[in-house]
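Mind folding the following:
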Amino acid sequence: MSFDLWLLFIPAAFAINILPGPNNMLAMTNGLRYGLFYAMKGGLGRLFAFVILILLTATGLGAILAASATAFYILKIVGAVYLVYLGYRLWRTKTEEIDTSAFTVSEKASTYKIVRQEFLVAISNPKAILVFTAFFPQFLVAESPMLSQFAIMGITFIVLEVIALFLYAISGKQLSFLTRTARGQKIMNRASGTLLIGAGGLLATSS
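Down below sits the predicted model:
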């Protein structure tokens, strides 16, 4: 994976990481209820689930793409279209205020409970495996070893996921205007959607 391609991968991947999905909303809720420290510990469950999904994706796709150049090309086109579709859906997503009046700050938290909850939410989300299947191949170079490319992308994605986890966890207390209000959610959705549409369009036309 070239350095230029990796630099393109980072903002496109972060657009996916920062989406206000189930895990990010859960991290924000945990940040509000239990504080940043517990929310970050809970996020370990999400990270473990994503590592499993990335490994499964790399194993399955690596075999297919190494065997067929046609499959490689088709998957890239389908994946690029899917990224554009995700971006469009984000632009059209309806937002709503999040009611946090029932949350109590500094409640006692069970580490096992919040780690398990984050893990189950991530591993049971069918969109996660679809994202990895559609997104990662966009940045693969057919002539280069698949395993090393998946490793670079996987590690980068997990690091960016930690950043997203931190931002949502701390938003439960300090940055609530970014995610708890409909206006903040709309801004985030449209910024992420624009990045995904741009990445999908660029990658669909690249060699």
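
what residues are up against Ile155?
By Cβ atoms under 8 Å, 6 or more residues apart in numbering, Ile155 lies in contact with nothing. For every residue, glycine as well, the C-beta is placed using N, CA and C.

Quick check: it vs Phe50, distance?
Relative to Phe50, Ile155 is positioned 11 Å away (Cβ to Cβ, to the nearest Å).

need the longest helix for the protein.
Longest helix of the chain, by residue count under DSSP state H: helix 36-67.

quick one: average pLDDT of the helix or strand containing Ala134?
In this structure, Ala134 is located in helix 126-135 according to DSSP states H and E. Regarding helix 126-135, the rounded mean pLDDT is 72.

Can you name the element that comes right after it?
Taking DSSP H and E, what comes next after helix 126-135 is helix 146-171.

Determine the number of other residues adjacent to the nearest residue to Gly201 once chain neighbours are set aside.
Distances taken as Cβ to Cβ, 6 or more residues apart in numbering place Val84 nearest to Gly201, at 6.3 Å, with adjacent residues excluded. Neighbours of Val84 under the rule other Cβ atoms under 10 Å: 19.

lowest-confidence helix or strand of the protein?
helix 176-179 (a mean of 57; mean pLDDT, DSSP states H and E).

what's Ile152 in contact with, if anything?
1, 6.

Show the model's pLDDT score for it.
93.

What residues sit buried inside stretch 29-43?
Neighbour counts over stretch 29-43 (16 or more other Cβ atoms under 10 Å) mark 29-36, 38-43 as buried.

can you list those in a markdown table and add pLDDT and distance to Ala164?
Supplementary listing: these in a markdown table, determined by pLDDT from 0 to 100; distance: Cβ to Cβ, whole Å:
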| residue | pLDDT | distance to Ala164 |
| --- | --- | --- |
| Thr29 | 74 | 15 |
| Asn30 | 80 | 14 |
| Gly31 | 81 | 12 |
| Leu32 | 73 | 17 |
| Arg33 | 72 | 19 |
| Tyr34 | 79 | 18 |
| Gly35 | 80 | 18 |
| Leu36 | 86 | 14 |
| Tyr38 | 87 | 17 |
| Ala39 | 89 | 12 |
| Met40 | 92 | 12 |
| Lys41 | 92 | 16 |
| Gly42 | 91 | 14 |
| Gly43 | 92 | 9 |
